[in-house]
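>>> starting from these lines, generate the structure:
(2 chains)
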Amino acid sequence: AQSVTQLDSQVPVFEEAPVELRCNYSSSVSVYLFWYVQYPNQGLQLLLKYLSGSTLVKGINGFEAEFNKSQTSFHLRKPSVHISDTAEYFCAVSALMIKAAGNKLTFGGGTRVLVKP
Amino acid sequence: DTEVTQTPKHLVMGMTNKKSLKCEQHMGHRAMYWYKQKAKKPPELMFVYSYEKLSINESVPSRFSPECPNSSLLNLHLHALQPEDSALYLCASSPRLGQGDYGYTFGSGTRLTVV
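Modelled structure (predicted):
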């Protein structure tokens, strides 16, 4: 089974400042890694994903994440945030669902980013 | 079309009512999912459909009954719900089950309130 830990439940940050959201995972098998964003009263939108290859992944809206296998981490960063980045951010892993030969998406607890003017 | 559309967006129902949530996608995805999300919590998987057949039921109470009438539609029938079932219900789809590298496309959800 796999699990995901987002180390910060809430991150306040000033507009135009950088932000880093931390994500650690554990799994006994290879995983795919994702970051999703959820704006208030909306569904989840995929920000970026790591499948293989380069450990630095660039996503939408200026976000990027770095996969570190030795530390089992997949931290999300943005060099300069905007008010519109205020949202909930979920790290997720996808690994094999043994019972259905499928892939189960497991989410971390979420990090609420509050961008202040 | 790269969207998953969920209707209704909001639903208030009594504990004796019967209602249905609807989800539609036209991306040709053959795996569809229902998730339940409580306030300030991550989404939790409820059901998985693959090629219109129920593949996974995550021990969900029988008062929730999923249905996949065709490759584009996914319904969730609700009956005799409890107030603790109030949550945001999210539908998602992916090209195929077993291809986790795609991630999922999520709808905007139905916010359900049981009174």
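>>> chain neighbours aside, what residue packs nearest to residue A:7?
By the measure of CB to CB, 6 or more residues apart in numbering or on different chains, the closest residue to residue A:7 outside its immediate chain neighbours is residue A:22, 4.2 Å from it. In this view, the C-beta of every residue, glycine as well, is placed from N, C-alpha and C.
>>> per-residue confidence for that neighbour?
Looking at residue A:22, its pLDDT reads 98.
>>> which residues touch it?
A:6, A:7, A:8, A:73, A:75, A:111 (CB atoms under 8 Å, 6 or more residues apart in numbering or on different chains).
>>> can you rerun that using 10 Å?
A:5-8, A:11, A:73-77, A:91, A:108, A:111 (CB atoms under 10 Å, 6 or more residues apart in numbering or on different chains).
>>> and residue B:89, what pLDDT?
97.
>>> count the neighbours of residue A:72 for me.
By other CB atoms under 10 Å in any protein chain shown, 16 other residues sit near residue A:72.
>>> for it, give me its contacts.
Shown in contact with residue A:72 (CB under 10 Å, 6+ apart): A:5, A:23, A:24, A:25, A:26, A:27, A:31, A:33, A:93.
>>> residue A:94 and residue B:45 touch, don't they?
No: applying CB atoms under 10 Å, one finds residue A:94 not in contact with residue B:45, separated by 11.6 Å.
>>> so what sits against both of these two?
By CB under 10 Å, 6+ apart, the residues touching both residue A:94 and residue B:45 are A:104, A:105, A:106.
>>> list the contacts for the nearest residue to residue B:63 once chain neighbours are set aside?
Leaving aside its chain neighbours, residue B:63 sits nearest to residue B:80 (5.0 Å; criterion: CB to CB, 6+ apart). The neighbourhood of residue B:80, defined by CB under 10 Å, 6+ apart, consists of B:14, B:15, B:16, B:17, B:18, B:61, B:62, B:63, B:114.
>>> neighbour-wise, which of residue A:94 and residue B:45 wins?
residue A:94 (25 against 20).
>>> ok now the helix or strand the more buried one falls within, how far from the chain's centre?
Using DSSP states H and E, residue A:94 sits in strand A:87-97. Centroid separation between strand A:87-97 and its chain, computed with CA atoms, centre = their mean, to the nearest Å, is 7 Å.
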